[in-house]
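Asker: below is the sequence, then the predicted model.
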Amino acid sequence: MGRYGQFSEQTYRNTFTKGNFDWFDFNQHLAKKVCTGSFLALAVDPSYIPKSGKKTPWFRKFWSGAAGETKKGLELTGIGLMDVDNHECMTLGSFQTPDSITLEDMDYNLIDWYREQLISRKDRLLPITKTIVADAFFSKETFVRPLVKEEFNVVSRLRNDAVLFYPTTESPTGKRGRPKLYDGKVDFANLDTSRCEEIPVDNGRLFGLRAYSKSLKGYVKIAVWYPLEGRTDRWQIYFSTDVSMSTKDVINCYRVRFLLEFCFRDAKSFAGLTNCQARDLRRLEFHFNASFSAINLAKVACKELGMPFSVSSCKSMIHNAYMLERFICVSGMKPDPHIIDKLFKELVLFTARTA
């Protein structure tokens, strides 16, 4: 920003400490230009951020999915808005995860922290959509039930050995005592297809049913996918706390969740997400959100230009525009506006078309 912007590096650095820019509102405005479908959902996903320095706030060991082990650094949780129909995702904001010592002082664990961060933003999230999608790590009662009480719907994945029960088909007897809530346990190796609906899919078999979850302590909509015909040892169980959601929407909503991971990948590769040297929470927050917003701006630019989204092509296009502007400014000659208007767009998009 100091190299290509209109202000010095010190000006940007001082701005990082103010923290008064509303990144959520800014990114939501950008997201409306890209996520135009009717089925919207919020994706939540933490990601490891490599960082060094003992004076860095909340510097501790965190899980790195790419390395498959815990590593020293930071953890950043992103909140993305997904357009499930059109397979688009825009990052609305992010928040940093405290280290284990800070969480213990707050009497929190990781699940509690993730949950409370979402609940604290419910006034801004609920008007967008009530559906929150998270990976299997979040399919815990302490995460799901409090969010349901706040009027959210959670879509996630259960373990293959999850304990589920069929809903009862018996009518109330009128006798004293608690009525029967459910029947037998769901055996996914020998699924009772008479109590399920089968959805046609291209690869494998997909079944949907309403079931009672022992771990979540409530009824959920279940989507069970068997990858191969006759193969009953590798099923995948997806669920939604919205029992009225269709089986196809449950599995589609969860599978589109990976688009938020692409936002992290692009921000790390092209927007300097992991290059911040700051040791202040406000500066780190500003830097992380600025990186995500840069990727959002690139997606909007590609959308308006009618070109497929590619951060590399978009970066080349912006660099070409910057270089052309610099050539014109330092040439010492008054350019012909007619020639500039005719050739500027072609020269700017040259690299993007040949990439």
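Answerer: Okay, I see it.

Asker: tell me who's in contact with Thr17.
Answerer: Asp280, Arg282, Arg283 (C-beta atoms under 8 Å, 6 or more residues apart in numbering). Using the backbone N, CA and C atoms, a C-beta is placed for each residue, glycine as well.

Asker: filter the residues you listed down to just the buried residues.
Answerer: Using 16 or more other C-beta atoms under 10 Å as the burial test, the contacts of Thr17 include Arg283 as buried.

Asker: okay, and which of the contacts of Thr17 map to helices?
Answerer: Counting by DSSP state H, the contacts of Thr17 place Arg282, Arg283 in helices.

Asker: rank the contacts of Thr17 by pLDDT and give me only the lowest.
Answerer: In terms of pLDDT, the lowest of these is Asp280, showing 81.

Asker: quick one, phi psi at the closest residue to it other than its chain neighbours?
Answerer: Of all residues beyond its chain neighbours, the one nearest Asp280 is Thr17 (6.6 Å), with distances taken as C-beta to C-beta, 6 or more residues apart in numbering. When read as degrees, to the nearest 10, the backbone of Thr17 gives phi -80, psi -20.

Asker: begin at 54 from here
Answerer: Sure, I'll start numbering at 54, so the last one becomes Thr70.

Asker: just to revisit the earlier point, which one of the contacts of Thr70 sits closest to Leu200?
Answerer: Set against Leu200, the nearest of these by C-beta to C-beta is Arg335 (27.8 Å).

Asker: how near is the closest one to Asn67?
Answerer: 11 Å (C-beta to C-beta, to the nearest Å).

Asker: with Leu211 instead?
Answerer: With C-beta to C-beta as the criterion, Leu211 and Asn67 are 48 Å apart.

Asker: how about the helices in the protein?
Answerer: Assigned by DSSP H, the chain shows helices spanning 62-69, 76-87, 153-158, 163-173, 175-178, 194-202, 300-308, 311-323, 334-358, 364-383, 390-401, 403-407.

Asker: out of those, which comes closest to Gly121?
Answerer: Judged by C-beta to C-beta, the one of the helices of the chain that comes nearest to Gly121 is helix 311-323, at 15.4 Å.

Asker: and that closest one, what's buried?
Answerer: Buried residues in helix 311-323, defined by neighbour count with 16+ other C-beta under 10 Å: Leu312, Leu313, Glu314, Cys316, Phe317, Asp319, Ala320, Lys321, Phe323.

Asker: reformat the residues you listed as a markdown table; add distance to Ser365.
Answerer: Listed next are these as a markdown table, based on distance: C-beta to C-beta, whole Å:
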| residue | distance to Ser365 |
| --- | --- |
| Leu312 | 18 |
| Leu313 | 20 |
| Glu314 | 18 |
| Cys316 | 15 |
| Phe317 | 17 |
| Asp319 | 10 |
| Ala320 | 14 |
| Lys321 | 14 |
| Phe323 | 7 |
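
Asker: looking at those residues, which one is closest to Asn206?
Answerer: For the buried residues of helix 311-323, the residue nearest Asn206 by C-beta to C-beta is Leu313; the value is 17.5 Å.

Asker: report pLDDT for the closest one.
Answerer: At Leu313, the predicted lDDT confidence score is 91.

Asker: cool, the one 4 residues further on as well?
Answerer: What the model reports as pLDDT for Phe317 is 91.

Asker: give me the beta-bridge partners of the closest residue to it other than its chain neighbours?
Answerer: Nearest residue to Phe317, sequence neighbours excluded (C-beta to C-beta, 6+ apart): Ser100, at 4.7 Å. For Ser100, the beta-bridge partners under DSSP bridges are Leu129.

Asker: report the contact partners of Ser100.
Answerer: The neighbours of Ser100, taking C-beta under 8 Å, 6+ apart as the test, are Gly118, Glu128, Leu129, Thr130, Gly131, Glu314, Phe317.

Asker: redo that, cut-off 10 Å
Answerer: When contacts are counted by C-beta atoms under 10 Å, 6 or more residues apart in numbering, Ser100 touches 115-119, 127-131, 147, 150, 313-314, 316-318, 320-321, 326-327.

Asker: can you tell me how far it is from Asn342?
Answerer: 14 Å.

Asker: please enumerate the shared neighbours of these two.
Answerer: Counting by C-beta under 10 Å, 6+ apart, the residues touching both Ser100 and Asn342 are Leu129, Gly131, Ser147.

Asker: show me which of the residues you listed is closest to Ala189.
Answerer: Nearest member of those to Ala189, counting by C-beta to C-beta, is Gly131, at 17.5 Å.

Asker: how far does stretch 372-379 sit from the chain's center?
Answerer: Put simply, stretch 372-379 sits 33 Å off its chain's centre (C-alpha atoms, centre = their mean, to the nearest Å).
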